[in-house]
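Undergrad: this one's structure only:
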């Protein structure tokens, strides 16, 4: 069952409710009993980067990875889930057995991106690093000179001196690593996390958390700036996406499942995930989402409660930019017509603001620069703002708002970053950093973040 969110009976504060409904969870407070639900949400929330950055797109990457399925199943044996091993290959190299991070074979290399030192010292791989480097240079020189036969011979020679470039050897070494890490940590999820994070780094996080073998869902979602802060600080200091690696592995597993079982759905998701700079169209696909065509549609939606007015700053925790709605007079409307959003959007904005205030201690409100627009307003905006799309805009649905990238201090900016990342990991928002603002799209399920007045 997918997790929903806790309805606060204390307004916009961040204390857990005293009456938590079954199957719900507060983003700042882990609720045990639904680790699978956390995993599904986190995989969905963190999947955009795979669709956006996979070489040639996820469909081409899936086809490349699928070529190694037989070798993956052989290497996995009965020790590792072959789907997980396949997902590591997808995520690490995009199914390219000759990939090298940074161009130097001393770095992560091969189908499963093993660092030379780790391969030599921990995984008993044959790696002649000097020869591997020499052949890497020869390969690149041959490509520059348009000598494909010479380049192919260099790659073949490199495979003889560096096991990481032999897919079967790389996969077998990855299985050895995961088996070793599973013995150390006692869990498959923690073993997978350590593949990217490193055993030592994960041991440090677990020590700060104070429990040897929690699920990774618990370790991640129960570590925040307000709870298990030391563990969260260690996770955040890694700075290389190590904390979300496991969720991206799960996302790659789902992509490969769709590749085999439902390629049409994978094509649909790829189109939605790459339409914008975030996964916002996955949350609200254009053909299935109501848009407001003109000011009359905005007025009707406000009358029937589909849209609600933005509360005053003291309640919302964000102030309105004085320029909000500035194009309204050109549509013969008052700017205040556009001081509105979906109820779910307002409650999510209130929750984000409350979280930022609690974490940072900064009382200066954030600034919301834009909320709902109609299509006519959006067209006018597109004439003067290069960031404004001329196609489907989530602002025209009422599910999006923008936060000015101007903060009281670094602590407030840091706290906002945490709130955005955590809500994205729960698949409750999609966000993207634009030159002047943070563009946030809110999922329908985020409506229970903060209770309705009197709730």
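TA: Alright, I've got the coordinates. Treat the numbers as computed from the prediction; the structure is a model and nothing was measured.
Undergrad: so where do the helices sit in the stretch 351-455 of the chain?
TA: In chain order, the stretch 351-455 of the chain shows helices spanning 375-384, 410-425, with DSSP state H, counting those that start in this stretch as the criterion.
Undergrad: TSV for the ones you listed, including mean neighbour count, mean pLDDT and distance to residue 245?
TA: Yep, even glycine has a C-beta here, placed from its N, CA and C like the rest. What follows is these, written out as TSV (neighbours: other CB atoms under 10 Å; pLDDT from 0 to 100; distance: least, CB to CB, whole Å):
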stretch	mean neighbour count	mean pLDDT	distance to residue 245
helix 375-384	17	91	37
helix 410-425	19	95	12
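Undergrad: could I get the full set of helices for the stretch 151-300 of the chain?
TA: Listed in chain order, the helices of the stretch 151-300 of the chain (DSSP H, counting those that start in this stretch) span residues 167-185, 188-197, 199-209, 216-221, 229-238, 245-261, 263-273, 280-283, 295-304.
Undergrad: right, and the helices of the stretch 351-455 of the chain - which one's nearest residue 34?
TA: Proximity to residue 34, assessed across these by CB to CB, is greatest for helix 410-425 (14.5 Å).
Undergrad: can you give the domain ranges for the protein?
TA: Per automatic domain parsing, the domain ranges recorded for the chain read 45-245, 280-448.
Undergrad: for these, give me a markdown table that also has distance to residue 257.
TA: Putting the domains of the chain into a markdown table (distance: least, CB to CB, whole Å) gives the following:
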| stretch | distance to residue 257 |
| --- | --- |
| domain 45-245 | 7 |
| domain 280-448 | 17 |
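Undergrad: tell me which of those lies nearest to residue 39.
TA: Of all these, it is domain 45-245 that lies closest to residue 39, at 5.9 Å by CB to CB.
Undergrad: model confidence over that closest one, on average?
TA: Domain 45-245 shows a mean pLDDT of 96 in the predicted model.
Undergrad: okay, strands next: where are they in the chain?
TA: Here the chain has its strands, by DSSP state E, at 4-5, 24-25, 308-309, 318-320, 340-341, 366-370, 400-404, 429-433, 437-442.
Undergrad: closest to residue 333 out of these?
TA: Shortest separation from residue 333 across these is recorded for strand 340-341, at 12.0 Å, computed as CB to CB.
Undergrad: and the closest one, what does it pack onto?
TA: Here strand 340-341 touches helix 295-304, strand 308-309, going by 3 or more CB pairs under 8 Å, 6 or more residues apart in numbering; DSSP states H and E.
Undergrad: could these be laid out in TSV, adding mean neighbour count?
TA: Compiled in TSV, the helices and strands packed on strand 340-341 are given as follows (neighbours: other CB atoms under 10 Å):
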stretch	mean neighbour count
helix 295-304	16
strand 308-309	16
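Undergrad: turn the ones you listed into TSV, including mean pLDDT and distance to residue 137.
TA: Formatted as TSV, those follow (pLDDT from 0 to 100; distance: least, CB to CB, whole Å):
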stretch	mean pLDDT	distance to residue 137
helix 295-304	97	62
strand 308-309	96	63
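Undergrad: nearest to residue 54, of these?
TA: Ranking these by their distance to residue 54 (criterion: CB to CB) puts helix 295-304 first, at 38.0 Å.
Undergrad: what bridges to residue 340?
TA: Taking DSSP bridges, one finds residue 309 as the beta-bridge partners of residue 340.
Undergrad: go ahead and confirm it touches residue 372.
TA: Yes - contact criterion CB atoms under 8 Å: residue 340 and residue 372 qualify, at 5.1 Å.
Undergrad: mind listing the shared neighbours of those two?
TA: A shared contact of residue 340 and residue 372, defined by CB atoms under 8 Å, 6 or more residues apart in numbering, is any residue touching both; here these are 298, 307, 398.
Undergrad: looking at the second one now. What's its pLDDT?
TA: For residue 307, the pLDDT comes out at 97.
Undergrad: okay, now it: neighbour count?
TA: By other CB atoms under 10 Å, the residues close to residue 307 number 25.
Undergrad: my guess is it meets residue 341, correct?
TA: Yes - distance between residue 307 and residue 341: 6.5 Å, which falls inside the contact criterion (CB under 8 Å).
Undergrad: between the two, which contacts overlap?
TA: Shared contacts of residue 307 and residue 341, defined by CB under 8 Å, 6+ apart, are found at 372, 398.
Undergrad: identify the residues contacting residue 144.
TA: When contacts are counted by CB under 8 Å, 6+ apart, residue 144 touches no other residue.
Undergrad: please tell me how far it sits from residue 150.
TA: Residue 144 sits 11 Å away from residue 150, taking CB to CB, to the nearest Å as the criterion.
Undergrad: what's the answer for residue 342, then?
TA: Distance from residue 342 to residue 150, counting by CB to CB: 60 Å.
Undergrad: please say which of these two ends up with more neighbours.
TA: Remark: of residue 342 and residue 150, residue 342 carries more neighbours, 25 against 14, as counted by other CB under 10 Å.
Undergrad: who's in contact with the more buried one?
TA: For residue 342, the residues meeting the contact criterion (CB under 8 Å, 6+ apart) are 306-308, 372, 397-399, 442.
Undergrad: put the buried members of the residues you listed into a PyMOL selection.
TA: Selecting just the buried residues from the contacts of residue 342 in PyMOL takes one command, with 16 or more other CB atoms under 10 Å as the test:
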select buried, resi 306+307+308+372+397+398+399+442
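Undergrad: just send the contacts of residue 342 back as a markdown table, with distance to residue 363 too.
TA: Formatted as a markdown table, these follow (distance: CB to CB, whole Å):
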| residue | distance to residue 363 |
| --- | --- |
| 306 | 32 |
| 307 | 28 |
| 308 | 25 |
| 372 | 27 |
| 397 | 32 |
| 398 | 28 |
| 399 | 28 |
| 442 | 24 |
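Undergrad: for residue 427, state which of the contacts of residue 342 is nearest.
TA: Within those, proximity to residue 427 (CB to CB) peaks at residue 442, which comes in at 11.2 Å.
Undergrad: my understanding was that the closest one contacts residue 399; is that so?
TA: Yes - with contacts defined as CB under 8 Å, residue 442 counts as touching residue 399 at a distance of 5.2 Å.
Undergrad: now for residue 338, how many residues are close by?
TA: Residue 338: 26 surrounding residues under other CB under 10 Å.
Undergrad: excluding covalently adjacent residues, which one is nearest to it?
TA: Spatial nearest neighbour of residue 338, excluding adjacent residues (CB to CB, 6 or more residues apart in numbering): residue 325 at 3.9 Å.
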